[in-house]
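S.K.: Model the following, please.
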Amino acid sequence: MVRRINRVLVAVRDLDEGGAAFAQTLGLGRGRRYDVPDVGAISEALPLGDAWVQLLQPVADGPVARFIQQHGQGIYGLGIEVASLADSRLRVEQCGRQAHPLRLGDNELLCLKREQLPGLTVWITESGSGPEPADTVSPYLGIWQATNLVEDRDGAAALYEGLFGRPQREQSFRQDSYGYLGRTLYYGVSPGADSLEIAQVHRTQTAMGRFWQRHGPSLYMVTVDTNDMAAVRRGLDERGVRYAAEPAAGYNVAYVHPSALAGCFVGIIQD
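M.R.: Model (predicted):
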């Protein structure tokens, strides 16, 4: 069972420039660097609340280099934390998928490649197997939600429930303002539980629709949460960051354009 989303994987052409973008835009501290030869990359992990922004720069031919060649910089994948890596491997195999071993520093992970899922690369880690983020500088709590664009919302949801276990709750809806059919899988018991939003585009004239036409099945955005939106907006304003702020369905939300974050579209939300 998924316990939380513990990292967003971002493919960048240069670690120094990518790290500087996240530090300047979101006020994050810099992190530890790793060689990740299994994906032909070097990586820097930036703490963000109880999660990581895992920047990946290709240094050899591999999936990260191919991603940048095809899509440019942006969200490469997602990391989830589970209770047991062995149980997750078994569940993946029972669903007819293959979990590839992956080393990140001293830690053992499992990788599900985007070719096996609807455009979603997933790194799976076991609770307690690696260092916890020590974010002492930002007002963020962690990753609240990831939005995955797919061809078939309900088919993708069934696949994810098979791979990761049934969520604590789920919600299906139609979002006409942004032009998609959504289904959200909540992996946790609290109202602010980490969640995977599955989106099936039905209006190609929207920003999401245009992204779908360019990239197909993929991760569209991640949303991070905070308990102090005033501090978030104050920091964005002080650093000269352009963002869009709007209330949505009872939430206080700000959106930072991907051009400010190495192609990574980020929403910030306070319930």
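S.K.: and residue 88, backbone torsions?
M.R.: When quoted as degrees, to the nearest 10, the phi and psi of residue 88 stand at phi -70, psi -40.
S.K.: Make residue 1 into 6 and carry on from there
M.R.: I'll keep to 6 as the first residue from here, and by that count the last item is residue 93.
S.K.: Which secondary structure element of the protein has the lowest mean pLDDT?
M.R.: strand 248-253 (a mean of 78; mean pLDDT, DSSP states H and E).
S.K.: partners of the helix or strand just after that strand in the sheet?
M.R.: Scanning forward in sequence from strand 248-253 by DSSP states H and E, the next helix or strand is strand 256-261. Sheet pairing of strand 256-261 (DSSP bridges) gives strand 248-253 (antiparallel), strand 271-275 (antiparallel).
S.K.: Just the C-alphas of strand 256-261, formatted as PDB.
M.R.: Output of strand 256-261 as PDB, limited to C-alpha atoms (Å, rounded to 0.1, in the frame of the first residue of the first chain):
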ATOM      1  CA  TYR A 256      -8.900  25.900  -1.700                       C
ATOM      2  CA  ASN A 257      -6.400  28.700  -1.800                       C
ATOM      3  CA  VAL A 258      -4.200  27.900  -4.900                       C
ATOM      4  CA  ALA A 259      -1.200  29.400  -6.600                       C
ATOM      5  CA  TYR A 260       0.300  28.200  -9.900                       C
ATOM      6  CA  VAL A 261       3.900  28.600 -10.900                       C
END
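S.K.: mind listing what's buried in it?
M.R.: 257, 258, 259, 260, 261 (16 or more other C-beta atoms under 10 Å). Where C-beta positions appear, they are placed from N, C-alpha and C, glycine not excepted.
S.K.: One more: stretch 233-247?
M.R.: 234, 237, 238, 240, 241, 246.
S.K.: neighbouring contacts of the helix or strand encompassing the third one?
M.R.: When secondary structure is defined by DSSP H and E, residue 238 falls within helix 234-243. For helix 234-243, the external contacting residues (C-beta atoms under 8 Å, 6 or more residues apart in numbering) are 30, 32, 144, 145, 231, 248, 250, 257, 259, 261, 273, 275.
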